[in-house]
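1. Based on what follows, work out the 3D shape:
(chains A and B)
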2 protein chains.
Amino acid sequence: MRLLLIGFGTVGQGLAELLIEKRDALVRDYGLNARVVGIADMLKGSIVDPRGLPLDRVLASLAADGDLRHLSGARFEGGALDMIQTVDADAMLEATYTDIKTGQPATGHVRAALERGMHVVTTNKGPVALHYHELRRLAAAHGVRFLFEGAVMSGTPVLNLVRTTLAGSSIHEIQGILNGTTNYILTQMEAGLDYGAALAQAQALGYAEAVPDADVLGWDALAKVTILANVAFGADLRPADSPCLCITEITPAKIDEARARGQRYKLIGRVWREGEAVKAAVAPQSLDLSHPLAGVSGATNALTISTDTLGDMTIIGPGAGRRATGFSMLIDLIHRGGRP
Amino acid sequence: MRLLLIGFGTVGQGLAELLIEKRDALVRDYGLNARVVGIADMLKGSIVDPRGLPLDRVLASLAADGDLRHLSGARFEGGALDMIQTVDADAMLEATYTDIKTGQPATGHVRAALERGMHVVTTNKGPVALHYHELRRLAAAHGVRFLFEGAVMSGTPVLNLVRTTLAGSSIHEIQGILNGTTNYILTQMEAGLDYGAALAQAQALGYAEAVPDADVLGWDALAKVTILANVAFGADLRPADSPCLCITEITPAKIDEARARGQRYKLIGRVWREGEAVKAAVAPQSLDLSHPLAGVSGATNALTISTDTLGDMTIIGPGAGRRATGFSMLIDLIHRGGRP
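-> Residues are numbered from 1 along each chain as shown, chains lettered A, B, ... in the order given. Prediction:
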């Protein structure tokens, strides 16, 4: 299986490390003989080798000077889209940065790869939140898969869980903590910090960006609930269709009032059926301490899935991270041959 | 797909209800056209119809007088084993009572069905805890599947999760709350009841049996950790190989001491690697209140799975129940064609 890695930041490198580490087990247990034939990154440059790039040397070269192009004999003159349109591969793995407003350039990469008959695996929320149904149809028309486990809760297998292990169930509500950065900030505010100090700490730890809007204004969580609405409920929503309230409304005074009631604030993303319609929303909510989501602290994510067969089921796991998000792409590669 | 239902108590009836309710969706979405051709129950009698038993009339007849044999024209003279050995079917669904010491009569049913080339789906811990590897090999030799999602955490998809959505991961520890009855008793003791009163309440609610040994002495949890050790870690353990301490050691005084330390007692089943060996144990443990398992209250079950790819992932859901356990058999039927 020949792979193109488009975007070679934390997630792409995490995947490369797993492919090196698990090479033998993947061939033995899943017949997955993965060969990375091209890597393109906007900042780090592009390299290609149809015989397979030596991933350990690629990572070493990157660690040495932050540039891929110094790997001898593999330099590719052109950007991501050129690579997708000219290099032959079986799957394109998209892990460029997420632009939740436009979904670009990731959506262009995904379309181009599907049109060339490559499977697409992505961790990028943009294309899935904005164009899921179009891209799914495009994949079907070309007989390939469009997979994106990592777009929601990183490698914690929530989408695969809904698709495979809850098959035959009808889901009537999904709600949870979908953004680790704001959950970390709220956890610190519970411990006594004000919003500014908690945000600064999240930034210092690398959880929050310098411009933290996508997290703290709720857009990241909104993109994820939109994906859940479209994938798990068959809706056709865009992020802008649903209300989104953010944690900047929560003050230390409100946190104290909630504590006095035996409650705790969480930023909750929610999708539910209302008659024939599917609704989605993101908003801070104060939950009873006995609620399964109230105890989820720090940068962890969690979802409670309510079904007609099991009642409530909750899954708690990492919502980000080099290795966890790299794994989300690996599990999609392993499952590429499975049921859509 | 012709099914035999062996054991027609709560679980078997829960499955029958789901098969009626989801008939059209199962055919449409999964190509699963299930026809129950035989039902055998030690107390309620046996019925057979090769054209398919009318499940709605079967359930109505049972509700009327508690006996299957009054359904006209379908009476089968013989027990479960006779039915498995003489009636043609594609899958045998085993949901008789669990005997954790001997695994019988369930193991005999499973062997007979596998030897006749039927897939086997069971919710019964006995055969899996005692004979997993033998039965798996027997299934492979006859080209059929041996599936048992419901044996651990009922329909909460922990075994399917390990098998499919965590594929490619290496698991180094699994620990959790695997017995809802004892978790309910401990939750009531936290609220101020003594052990006897909490047990009486669990019995009144139908959570605990009149002879509650399998739950309160930890045998049920021990059978489940043994299954996890053998299935998820490839070990070859029997329940008697592992230590098992029980909740009868926990006094109100110990609960108060734990509370003063900011901790809470839970009955924890655990499987882990120790060098090349796989170890398993069941014991009460006092957990910090911030531990994900400390907040799991009442009859709910939960497992934390520690992997090399995701770190810790926790799944919380029902550990029993007519519909949830019935669903475990349905999901195994849907997945029968999947990867073992």
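2. all helices in the stretch 201-340 of chain A, in order from the N-terminus.
-> A:213-216, A:219-232, A:252-260, A:322-334 (DSSP state H, counting those that start in this stretch).
3. and stretch A:20-30, what's its mean pLDDT?
-> Summarised as a single mean, pLDDT over stretch A:20-30 is 94.
4. If you count neighbours, what's buried in that stretch?
-> By 16 or more other C-beta atoms under 10 Å in any protein chain shown, the buried positions in stretch A:20-30 come out as A:22, A:26, A:30. From N, CA and C alone the C-beta is placed, and that goes for glycine too.
5. The first one: what's it in contact with?
-> Looking back up the chat, that one is A:K22. A:330, B:168 (C-beta atoms under 8 Å, 6 or more residues apart in numbering or on different chains).
6. what's the spacing between it and A:L62?
-> Look at A:K22 and A:L62: by C-beta to C-beta, to the nearest Å, they are 20 Å apart.
7. same question, the last one
-> Counting by C-beta to C-beta, the gap between A:Y30 and A:L62 amounts to 27 Å.
8. Leaving out sequence neighbours, find the closest residue to A:A167.
-> B:I334 (5.0 Å; C-beta to C-beta, 6 or more residues apart in numbering or on different chains).
9. ok, back up a step: okay, and which of the buried residues of stretch A:20-30 map to helices?
-> Within the buried residues of stretch A:20-30, membership in helices is found for A:26, A:30, as judged by DSSP state H.
10. A:F233: which of the buried residues of stretch A:20-30 is nearest?
-> Nearest to A:F233 among the buried residues of stretch A:20-30 is A:Y30, at 30.1 Å by C-beta to C-beta.
11. Name the nearest residue to that closest one, sequence neighbours excluded.
-> A:I334 (5.0 Å).
12. what's the burial count for the one you found?
-> 21 (other C-beta atoms under 10 Å in any protein chain shown).
13. Roughly how far does it sit from B:G168?
-> 5 Å.
14. for chain A, what are the low-confidence residue spans?
-> Low-confidence segments of chain A, defined by pLDDT under 70: A:337-340.
15. If we use 50, what do you get?
-> A:338-340 (pLDDT under 50).
16. Give me the outermost residue of it relative to its centroid.
-> A:A260 (35.6 Å; C-alpha atoms, centre = their mean).
17. Flag every residue of the stretch 1-150 of chain A that's near chain B.
-> Residues of the stretch 1-150 of chain A lying near chain B by C-beta under 8 Å from any C-beta of the partner chain: A:18, A:22, A:25-26, A:29-30.
18. Where do the strands of chain A begin and end?
-> Assigned by DSSP state E, the strands in chain A fall at A:2-6, A:35-41, A:45-48, A:91-94, A:119-122, A:146-147, A:171-177, A:263-274, A:277-288, A:300-307, A:311-318.
19. for those strands, which one sits closest to B:L3?
-> Using C-beta to C-beta, the strands of chain A put strand A:300-307 closest to B:L3, at 22.7 Å.
20. next one: that closest one to chain centre, how far?
-> When C-alpha coordinates are averaged (C-alpha atoms, centre = their mean, to the nearest Å), strand A:300-307 and its chain have centres 15 Å apart.
21. hang on, the earlier thing: just give me the closest of the buried residues of stretch A:20-30 to A:Y265.
-> Closest to A:Y265, out of all of these and judged by C-beta to C-beta, is A:K22, at 39.7 Å.
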